[in-house]
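**Q** Got a sequence here, can you build the structure:
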Amino acid sequence: MRLLLLADVHANGEALLSLQRAEPQPDAVLFAGDAVGYGPNPLDCARWLQTNATAAVRGNHDEALAGGPLTGVPPELQEAAAETLAYTRRLLTPEDLAALQRWPLTAALPLGGAEFYLAHGTPADPLAGQLAAATCREADLHALFDDIPADVIVLGHTHQPALRRFGDRLIINPGSLGQPRYGTPDATYAVWEDGRVQIRHLHYDHHATMRRLSLLPLDPEISEQLNGILHTGLA
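**A** Numbering: from 1, shown residues only. Sure thing, here's the model as predicted:
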């Protein structure tokens with residue numbers, strides 16, 4: 001069984017289209033939150049995920065769009081998050097918003113002989129918690145996850161890909177498909193296939209996304225800031 005593990009699509013339709021071309025027939029798609037925010041194609045991305053994700057959880061931007069508070073955003077990106085969410089509210093229908101709101105904060109399901117657990121942040125703070133999986137102390141991982149009966153734990157929010165084994169379990173952060181922040185503009189996602197896991201890097205036309213962003217009714221400084229992140233892969 002081959003699963004696609006995604007997080008932080010952030011309304012980047014070009015990256016999502018490139019993923020569909022690269023991975024045309026997965027057995028399931030698991031999404032760890034943030035369909036919207038920052039990018040120029042929120043409607044296309046939200047609807048694709050609503051249709052194609054086997055399981056999905058709300059991220060902090062999805063929660064804010066659905067009427068909750070905007071939390072877990074770096075201070076330097078607060079204005080960009082607020083402006084792009086305001087733009088998104090003008091595009092999505094009440095049915096689209098309701099569909100996002102129906103995504104839970106966490107999800108658990110069996111697939112391919114393994115138990116999967118999804119959260120955007122962490123179990124203690126599903127929307128805004130950040131886990132540096134590669135460097136977190138093992139004692140802290142046990143404190144976070146020992147009460148969760150899962151073989152594979154899928155998290156997002158950091159926009160940085162990571163794999164970490166502890167005990168007989170695996171933590172996967174697929175990184176960000178739509179707004180990578182690990183020093184390169186290439187999108188990242190993960191593939192889980194019969195127990196084998198790989199983080200994959202996807203070179204897509206981020207300049208096309210930048211051009212679309214520049215056409216949005218945003219403050220020019222915000223457009224420049226978001227395009228800089230897409231171009232460099234750094235916040």
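**Q** Mind listing what's buried along the helix or strand of the chain with the lowest mean pLDDT?
**A** In the chain, no helix or strand scores lower on mean pLDDT, DSSP states H and E than helix 138-145, which sits at a mean of 92. Neighbour-count burial for helix 138-145 flags Leu141, Leu144, Phe145 (criterion: 16 or more other CB atoms under 10 Å). For glycine as for every other residue, the C-beta is placed from the backbone atoms N, C-alpha and C.
**Q** Mind picking the one among the residues you listed that's closest to Leu70?
**A** Minimum separation from Leu70 among the buried residues of helix 138-145 (CB to CB) is found for Leu144, which lies at 24.1 Å.
**Q** Could you pull out the helices in this protein for me?
**A** Counting by DSSP state H, the segments of the chain that form helices are 13-22, 42-52, 60-65, 78-91, 94-102, 138-145, 206-214, 220-232.
**Q** need those in TSV with distance to Thr184, can you?
**A** Rendered in TSV, the data for these read as follows (distance: least, CB to CB, whole Å):
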stretch	distance to Thr184
helix 13-22	13
helix 42-52	21
helix 60-65	22
helix 78-91	20
helix 94-102	29
helix 138-145	27
helix 206-214	10
helix 220-232	8
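**Q** what's the most buried one of those?
**A** With neighbours taken as mean count of other CB atoms under 10 Å, those reach their highest mean count in helix 60-65, at a mean of 26.
**Q** which one in this structure is furthest away from the centre?
**A** In the chain, the residue that sits farthest from the middle, by CA atoms, centre = their mean, is Ala139; the gap is 26.1 Å.
**Q** elements contacting the least confident helix or strand of the chain?
**A** For helix 138-145, the packing partners by 3 or more CB pairs under 8 Å, 6 or more residues apart in numbering; DSSP states H and E come out as strand 161-166, strand 169-174.
**Q** Specify the stretch among the helices of the chain that is closest to Gly156.
**A** By CB to CB (comparing all of those), the closest turns out to be helix 60-65, at 9.7 Å.
**Q** Run through who's touching the closest one.
**A** When contacts are taken as CB atoms under 8 Å, 6 or more residues apart in numbering, the neighbours of helix 60-65 outside the stretch itself are 10, 33-38, 69-73, 81, 85, 88-89, 92, 97, 100, 103, 120-121, 127-128, 157.
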